[in-house]
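# Got a predicted model here, sequence first, then my questions.
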Amino acid sequence: MNNNQYLDVFLEEAKEHIASLNTYLLELENNPAQEVIDEIFRSAHTLKGMSGTMGFTQLSELTHEMEDLLQELRNHQLTVTPQIIDTLLRCVDILEELVNDIELNGEESQRDIQALINSLKARNNEFLSNNTNNKNAAEEISAGNIAVHSFNEYEGRLVTHALDKGLNVWQIVVRLADECLLKSARAFLVFKTLEAFGEIIKTEPIAQDIEDEKFDNEFTMYLVTSQGKEEIYKALDTVSELESVVIEPIVQESISVKETSSFNYKPDDKDTAQTSESQNDALNRTTSVNTFKKTGKTLRVDIERLDTLMNLVSELIIIKTRLDDINKGEKDYQAKQREAIEYLERITSSLHDAVMKARMVPIENVFNRFPRVVHDLSRELSKEIDLVVEGADTELDRTIIDEIGDPLIHLIRNAADHGIENPKERIEKGKPAHGTIKLKAYHDGNNVVIEVSDDGKGIDLDGVVKKAVERGLIDKEQAKNLKEHEITSFLFEPGFSTKAEVTDISGRGVGLDVVKTKIESLGGSIDVTSKKDAGTIFSIRLPLTLAIIQALMVMVGSEKYAIPLSSIKETVIVSKEEIKKVQKTEVTILRGNVIPVIRLNRVLDVKSDSDYNEMTLVVVKKGEKDIGLAVDELLGQQEIVIKTLGNFLKDIKFIAGATILGDGEVALILDVNKLV
Amino acid sequence: MAEDIRQFVEFKLSDEEYGIDILQVKTIERMMPITRVPKTPDFVEGVINLRGEIVPVIDLKKRFDLPPGEVTDSTRIIIASIDDITVGMIVDAATEVIQLSQDDIEPAPPIIGGIDANYLDGVGKIDGRLLILLNVAKLLKPQEINQLAQM
């Protein structure tokens, strides 16, 4: 059977499931609730079924193994550990690669899934024995981090049983002093002391390893007892050479607990709960199903929006009949006609709105891959970073959505890498150990603003100025009178700061010029504000849609061109004498600034015999520079619909697209950025 | 042998007769105002507004270095579409749709009427006339255009 016709549907759905796997796995880390596991299980199961039907064996094999593991999580045979989540996330990565392969080549390429399958299968033994070490490591980096515990089935039953009977189950983390020599002997003493209270159901590492001194300075015991933790603390106080003891209750609902590594009777429960709550909130909001890749050519449209469109089209038909019916012989036919045309105008503008709306996609489609990015980054950099997402339901044109992902990832990486300090530094500065990166999107008039902010160390402005002077961008005198925004604008200079150069000042600016160029090509702008030790905010301002812009229509010779209004600063008329030649380039002086003049007729090879005494200049900004474009006539401002020239004529120099004018003629839109 | 029959749109450049596979033809339009696009090869006449869509137009005679002619009443723009490329081609006249069986089509000689055989599907014989069959797909490859644009 030929499955090709279903391939598109398969790909789209597979991507949705992968996105939701990613989202829910991250949520699982903070909130190991049953519903979350169910959700993950469902996605994996569907994915397995789909790929089986389509004959993608690797996909279905891998999802099958994931499903097995998830099944055990579902039945509480296994509890969620960071290791399990990591393994599952790695699986999702491979799934994604496989799906991308299928999209590109129509088939899976051979990938090494066996290793992953093995680690999925090895969960019981490996996860448990690796647990302690990894957990210790995790604890060392993160005070107040949330960790979860795994018991095997037997231990789990014991815990549940004990809790049912009203007994206490304590998790006791004991840290031996560094100078302790006979570690196993100390541990034995602790063991003995605890045994007096009740039953030790589990130790980490396992008892044999403790006896053989196969552990660092820390070990964990799980104790079932009727006694409270004060008694246990007191008893353990008698054992010497213990650096710290942390006792935490094991909770009934899920056999997992929060724990803190500090010697702290009352862990900062409130705080952690809040953070995880806000995280979950953010995650919940990003838990939408649809994601789009650049290659995708389909778009899901809310049926309601299509209905609106449908309604408007039927009104259009009504108005057409109405125009037909207007009898020229009637007395008041002109009034009727005018009325009908007014009505038609209203419908066309609503129609325009409706079509634009149909093209709009909530920005969560981009945002929902960032929790994963931040998660990976914080691991990679050993920093604690929370991602807070606001306004994920803000809508943007599909074309912009497709393009904005990479610049945003760049900014997030920058914020994580250079903005957020490591936990130690943060605590020294009196900030919470957790750094926060905030992504915020909102509408502002005809624009959408996306802010990427962090509460890190901020940009070292003096350092930037110093660098700018060193690089000869400004001289020392100028440096004294710079305003803040002038300083930060240096960050966007091409190659202003490679990482090596800038780590000593602030580390910002890696490839920010690329981000800026990309955003400008989308018709947007980017700004940065920063406060030392309070953080940095990058705010990106984008037009709601790319399809319709305001433009200035000009004549060059006998041809009409459109110049996007967003890049125009002003229009001026200069006399012939004011045009000077400097090294073969024509320039003019405008309020003390020298600006180059480009004669559009020459650049565009237009025959024009304009040799007037006066010259009309359209002053446009190209990056930070101003350029005067000489045109023959200004026709006025107009709203234009941008159309592409098609694949046959793409990449034509100087031309960004075309538009159709009221009289049906085509006018070309100038690409100001390409006009040197 | 019905499956061997192919249909071609027959058109004229100067006095020569050409054919293009009907499956590649979208519509045939009368001459309309063309907006020149700067920085394109000579044979690209510009773009037209085809019912709301911007379509580039090339002059086939210029493309094949044939002597230029005047725009007349019979001048047509054949809108051809291949994959995701749509292009209008100016021809002197579009005459009729003809059917050719595979047997009537012969491979093209290396050079015919100044046109590189690469751009040809072959030569069709019908009622003693010869029809030069254009391969539009090859003709419209964008690299082709870019190469020329760089010259």
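Yes, it's here. Residues are numbered from 1 along each chain as shown, chains lettered A, B, ... in the order given.

# In chain B, where is pLDDT below threshold?
B:1-3, B:110-116, B:141-151 (pLDDT under 70).

# Kindly report the residues of it close to chain A.
B:33, B:35-40, B:44, B:46-49, B:52-56, B:84-87, B:140, B:142, B:145-146 (Cβ under 8 Å from any Cβ of the partner chain). Glycine gets a C-beta too; all of them are placed from N, C-alpha and C.

# Emit the PyMOL select command for whichever of these are buried.
Selection of the buried residues among the residues of chain B next to chain A in PyMOL, burial being defined by 16 or more other Cβ atoms under 10 Å in any protein chain shown:
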select buried, chain B and resi 35+36+37+38+40+44+46+47+48+49+54+55+56+85+86+87+140+145
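
# Please narrow the residues of chain B next to chain A to those residing in strands.
Secondary structure from DSSP state E places B:Val44, B:Gly46, B:Val47, B:Ile48, B:Asn49, B:Glu53, B:Ile54, B:Val55, B:Pro56, B:Ile85, B:Thr86, B:Val87 of those in strands.

# ok, so of those residues, who is nearest A:Asp353?
B:Glu53 (21.8 Å; Cβ to Cβ).

# can I assume the closest one is in contact with A:Val641?
No - judged on Cβ atoms under 8 Å, B:Glu53 makes no contact with A:Val641 at a distance of 11.7 Å.

# re the thing from before, determine which two of the ones in strands among the residues of chain B next to chain A are furthest apart.
Based on Cβ to Cβ, the longest span within those runs between B:Asn49 and B:Ile85 and measures 17.8 Å.

# Let me see the contact set for the spatially most central residue of chain B.
In chain B, the residue lying closest to the centroid (Cα atoms, centre = their mean) is B:Met89, at 5.5 Å. By Cβ atoms under 8 Å, 6 or more residues apart in numbering or on different chains, the residues touching B:Met89 are B:Val57, B:Ile58, B:Asp59, B:Leu60, B:Ile77, B:Ile78, B:Ile79, B:Ala80.

# Now neighbour count and secondary structure too, for these, in JSON lines please.
Below are the contacts of B:Met89 laid out as JSON lines (neighbours: other Cβ atoms under 10 Å in any protein chain shown; DSSP: H, G, I helix; E, B strand; the rest coil):
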{"residue": "B:Val57", "neighbour count": "25", "secondary structure": "strand"}
{"residue": "B:Ile58", "neighbour count": "25", "secondary structure": "strand"}
{"residue": "B:Asp59", "neighbour count": "22", "secondary structure": "strand"}
{"residue": "B:Leu60", "neighbour count": "20", "secondary structure": "helix"}
{"residue": "B:Ile77", "neighbour count": "25", "secondary structure": "strand"}
{"residue": "B:Ile78", "neighbour count": "24", "secondary structure": "strand"}
{"residue": "B:Ile79", "neighbour count": "20", "secondary structure": "strand"}
{"residue": "B:Ala80", "neighbour count": "25", "secondary structure": "strand"}
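
# just these now: which is nearest chain A?
Nearest to chain A among the contacts of B:Met89: B:Ile58, at 8.4 Å, using Cβ to the nearest Cβ.

# Any idea what the closest one is bridged to?
Under DSSP bridges, the beta-bridge partners of B:Ile58 are B:Val44, B:Met89.
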